[in-house]
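Colleague: A structural model of the following input is requested.
(5 chains)
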Amino acid sequence: MTSLIARLAAGSDARVFAIAGAGSRAAVQDLRLADGVELVDSPRAADVLLVAGALDPRHHDAVRRVHDALPHPRASVRWAGSRDVLVPGAAHVALGTDPSSAIRAAHQALMHGTMPTEPPLLPDEDPAPWRGVGPYGQGGSGMTGGTPYGRPMAELAPDRDGLRLDLLPTRLGPFSSLLPHGLELDLRVSGDILVGVEVAATGLAASATSASLFIRALTEPVSIAELEIGRARDHLRWTADALRLQGLRALSLRALRLGLHAAPGDHRAVERLAADIARTGIYRWSLPAADGARTELLAGARLGPSTRASGVGEDERQADPAYRSLGFAPLLGAGGGAAAAWRLRLAEAVRSLELAGRGGDTRSAVTGAVESPRGRLALGDAPSGRALGLLPTLIEGMEWGDAMATIAALDIDLDELGAVTAGTSAEAAA
Amino acid sequence: MSDLPVSLAFAAFSAVAVVAGIRVFRTDSMVRAAFYLLASFAAVGAIMVLLGAEFLGMVLILMMAGEMLVMAIVMVMYMMNPAGLNPMVMVHQHRTAIAAGAVAFLALAGVGLAGGVPQRPVTNPGAATGDLGRELLGNSMLVFQTAGVTLLGTMVGAIAIAAPRGRFGDADADSQEPALQPDEEPEA
Amino acid sequence: MVDLGPLAIASAVMVAALLAVLGSWLRAARRPSSRTAPERVPFTGGQPPSVHAWSRYHVRYYPMALLFLAFDMEMVFMYPWAVVFVGEGLVAMVEMGMFIGILLLGVLYAWRERAFRWT
Amino acid sequence: MSVALDAALGVAAVGGMLAVGSLALAFADEAAAAAVAGAPLRPRRLLVAPFRRAASALLTATTTTERPDGGGRALAPALLAGLAALAMSMLPLAPGVVPADPSTGFVVFSAAVAFVMIAVFLHGWSPNSTLPLHGAYRFGAVALSFQIPFLLAMLATALPAQSLSLVRIVEAQAPLWNVIREPLGLPIYLIVGLAVGLWGPLNLPDADDLAGGTSAEDSGLARWLWEAARTSMLVAVAALGSAAFLGGYLGPLLPGPVWVALKTALLLAVMAVARHALARARIERFVEVAWVLLVPLALLNVFVSGAFLL
Amino acid sequence: MTTETVIVVGAALFGIGVYGALSQQSFVMLMMGIELMINGALLVLVAMWSRAAGGSPDGQMLAVVFMTVMAVEMSLGFALITSAYRVKRADITEKLRKLKG
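Modeller: Okay, here's the model as predicted:
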């Protein structure tokens, strides 16, 4: 009986909580298509922890905390360029090779009991020891005094509703499925409304280098076909993530599969995907409605589709003679808002594939700035940096789900941000 | 069905009703208090079913599930320390209250035991729901329509009282902070 | 006669499920390395929370909840009405129509007061 | 003795129906997902997948959180599973064949759906963790809004039966199924059914934008039980929906239980497709639509179907 | 299960409710006491209807009215609590008394 259960369990999909360190975001996303591996949103649901890419020492405790949140029996896999001791006992897989067989092997060994579960990495210390001292066993002299069970309780604050209730401080990230990994937000929620937002930390590793196509295009001419295919793939990958957040997992997989190897001939398939997405009612039912002040903020920030969705024709490609020779004109939305940005992104993916088909071997000009899928990219000035600056103003006052959809729509890429800003600081140092 | 299962079920449900009723005031967590009250109501509903009032019993359970969820939600909203993480006792006139409760129990139970209740059991419990329907549309029509108006008044009143914004400006205009200590003057 | 069948079946399933969860907890607690303090920290992405999550939650839909309390009562009247509807005919239709019409005014008022919105 | 035997038989029958229904739902869900994703369907692998998942849950420890409400945390999945069983135990399988037939079966079912609110709220409240807590309160908004349309959609089926017994409701559909007599009833019932089973477009309390919501802190057996209870609830909703609107065991040629299974499977397939083909609703939008659109429509449905009976 | 035993259970619930309504400082807990009193009364009422009144429909009608009263009491009670909390920031009875005027 026991061996039957173990055999059955070993045949189940290995459920993985993945930490996507610097330079591994796309590779981790691709794992969603791997056989026998299922990426989950919470370490409580996982059997195996996958730690991918480079991670700064300041994130090491967070990694250990995530590790300890996995239920026993648990195992971890380190997916990185070189071996390190971040998670002792983790199997090592080189970045660039497929980790899914190592993950499945670890999962099977756990279920068969041939591999012991990993012990906790953090010391067993209570955050703050607490003993009741008051007459009823409470922590302090007042009725709510002290820090019960090692933590204080939230405190009262006024609210726009006129009811003075508790503000719940919440630290989201750095490894939350709701945010790009590496981003930490300090949120204060009153009920389900975010009333205070601060970006607490960004970036994964100081040494991040990115060989991204668009960063390369900053310094050397790149074939337009290549650039536009890259743009379309990026948009499709973004769509896959955003669809997942909205609970449409099957469509998300379809978008990801398309995004993995979209080529100029695929524009019909992307159009069909866009039509199927529209048919789900997502634009009417799921996404927050456009809001005047927020749309205005985005309109001035050169954030690519988010900006063009409000009808502002801001696009660096217009300045490029190579694009002009192809008859390029930016696509524009109307009214702004998340739904318009979604539609525009999909329409741009189609347009990019068409452009790539017509592009031949035309090469882009080096103008000092490139239109990346996220917006205007220049040395020392990444669109994700501008998006992070706007983020608190954009989502303050929103309902939780609306805020998460809005963050997703901004498409923050910390790798790109790190590479562009690291470039400038290196230049400054030189 | 024989009498024994019914008696056993009655004993069990009575125990749940009374114990859960006591636990309502003996737990630190407000959510638990609300759900204990729900358990007490559900047990009373089940006893009603045993008594042949199937419809009334089930509808009581149905109604109370919604009402106690709202009760729990409102409790959490307005009570400091809603989960009872920090134990506390918030009672006044405790002895008087216990005495009053005991007196109420003894008096009512005494009346029930001594009062000589007439024995006219319900004849056809299966027809009870239909009887109630005909009563609603016939003799008690006025009560029924009055209930409608009362509920309308309740809805309008509750929203007008509780809503954050009304035609006369914000509801919290001219409000003030309470004092931190019982005898202090409130903050301006 | 009274049918306690559904209740008995539901109770049996509940008890079995409860025992399963409790047994699973006991098994986990017996493991030597399990349940250190960091293993119990609620997960929001790898940082420990600064406060307990239990707080005075601002339930933004409370006007709707109050509306529900009153409107839900209509069901108590409608169930017995449905049973006798065919027998009573037009009278039943008219009386219930009046009752429901009155109650719908409440929903209409709540809608006008934006009781269903909170963002 | 026979009482105990009856009860044991009842538990086995109800448990078996829920299990088979859950497997059918898993299959339909996977098929719909494959169709939408454009991926191949692997039926053989699929059929053992639920058993594999259960076995792995058995071998995985159930974690606790910092100072949870332990009782509530254990009770929530058990309560939801019990409610699914409660509802399923009143499903008429053939003329005279039903595990239990209380004369107010219809109200019992409604009460079970109302208690789903308690189970989900408790599930999200008890871990003392932010994301589950938000899920719990979200379900408060969803459940308080769907409750009345749900009760009204079901109520219309009691008019022709002149009874609150589910057996009578099926019998009364011999001349005409309720889905034809009151066409608005089934769509409203299905919309609400999705919310009751925390499924697809109305999976708000356990949604991805809360990283799993009320079940974000669950692991091992407790997590599996919650998922199983959720799907069981969905199966029960589909089964009773087929009884209330699609005539239950009524149908030509085939025996009653086969018809029940076919009709339930049809509704489960609709739900599986809805999960992959429809986007999740914003919470505020759902609340407003439920009160301003579904409640009046459900009332209209009651009165129109009543008018045909006069 | 006799009429008398049911009445004793109802009386016990009523007594607990009286205790709660008199002793609790917090508004919502106070309301719970009142609910529990109504709960006991409802049980006695149904017992009488079932065992002593021969199942006359007005007994049921009275029970339905009780339930309606309970819903009205809760809805308005919570609205008042919200309003009191908004204006006086009071959640217990003493605070409201102290801040009168």
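Colleague: Report the separation between the residue nearest to residue D:100 when sequence neighbours are not counted and chain E.
Modeller: Nearest residue to residue D:100 in three dimensions, chain neighbours excluded: residue C:5, at 3.0 Å (Cβ to Cβ, 6 or more residues apart in numbering or on different chains). Bear in mind the C-beta positions are built from the backbone N, C-alpha and C, glycine included. Per Cβ to the nearest Cβ, to the nearest Å, residue C:5 is found 19 Å from chain E.
Colleague: Can you get me a residue count around residue C:5?
Modeller: Neighbour count of residue C:5, defined by other Cβ atoms under 10 Å in any protein chain shown: 21.
Colleague: For chain E, spot the helix or strand the model is least confident about on average.
Modeller: Every helix and strand of chain E was ranked by mean pLDDT, DSSP states H and E. The lowest is helix E:93-98, at a mean of 57.
Colleague: Residues of chain C that sit close to chain E?
Modeller: C:62, C:65-67, C:69-70, C:72-73, C:76-77 (Cβ under 8 Å from any Cβ of the partner chain).
Colleague: Among the residues you listed, which one sits closest to chain A?
Modeller: Minimum distance to chain A across the residues of chain C next to chain E is 8.8 Å, recorded for residue C:62 (Cβ to the nearest Cβ).
Colleague: so who does residue 58 touch?
Modeller: Because you didn't say which chain, this covers chain A. Residue A:58 sits next to residue A:201 when contact means Cβ atoms under 8 Å, 6 or more residues apart in numbering or on different chains.
Colleague: I was thinking of chain E, sorry if that wasn't clear
Modeller: Counting by Cβ under 8 Å, 6+ apart, residue E:58 has contacts B:135, B:139-140.
Colleague: Close to chain E as well: tell me which of those residues qualify.
Modeller: B:135, B:139-140.
Colleague: And the helices in the stretch 201-310 of chain D?
Modeller: D:220-245, D:256-277, D:283-289, D:295-309 (DSSP state H, counting those that start in this stretch).
Colleague: Close to chain D as well: tell me which of the residues of chain C next to chain E qualify.
Modeller: C:65, C:67, C:72.
Colleague: and those as CSV, adding pLDDT, secondary structure and distance to chain B?
Modeller: Formatted as CSV, those follow (pLDDT from 0 to 100; DSSP: H, G, I helix; E, B strand; the rest coil; distance: Cβ to the nearest Cβ, whole Å):
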residue, pLDDT, secondary structure, distance to chain B
C:65, 93, helix, 5
C:67, 93, helix, 5
C:72, 91, helix, 5
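Colleague: Okay, domains of chain B per the record?
Modeller: Domain assignment for chain B by automatic domain parsing gives B:1-83, B:126-163.
Colleague: just so I know, which of those domains lies nearest chain D?
Modeller: domain B:1-83 (3.7 Å).
Colleague: Which parts of chain C are helices?
Modeller: C:5-30, C:62-72, C:74-88, C:90-112 (DSSP state H).
Colleague: For chain E, which residues are neighbours of chain C?
Modeller: Counting by Cβ under 8 Å from any Cβ, chain E sits next to chain C at E:64, E:67-68, E:71-72, E:74-75, E:78-79, E:82.
Colleague: Most neighbours of all the ones next to chain D among the residues of chain C next to chain E, which one?
Modeller: Going by other Cβ under 10 Å, residue C:67 tops these with 30 neighbours.
Colleague: Any figure for the gap between that residue and residue E:35?
Modeller: 19 Å (Cβ to Cβ, to the nearest Å).
Colleague: Relative to chain C, which of the contacts of residue E:58 is nearest.
Modeller: residue B:135 (8.1 Å).
Colleague: ok, the closest one - contacts?
Modeller: E:57-58, E:60-61.
Colleague: Equivalent analysis for residue D:263, please.
Modeller: D:242, D:246-248.
Colleague: With residue B:132 instead?
Modeller: Residue B:132 neighbours (Cβ under 8 Å, 6+ apart): B:55, C:80, E:57, E:60-61, E:64.
Colleague: is any part of stretch D:10-27 close to chain B?
Modeller: No: if you take Cβ under 8 Å from any Cβ as the test, stretch D:10-27 misses chain B, and the best it gets is 14.6 Å.
Colleague: one step back: now, the contacts of residue E:58 that are in strands?
Modeller: The members of the contacts of residue E:58 all map outside strands under DSSP state E.
Colleague: want to throw the residues you listed into a markdown table with pLDDT?
Modeller: Below are the contacts of residue E:58 laid out as a markdown table (pLDDT from 0 to 100):
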| residue | pLDDT |
| --- | --- |
| B:135 | 82 |
| B:139 | 79 |
| B:140 | 79 |
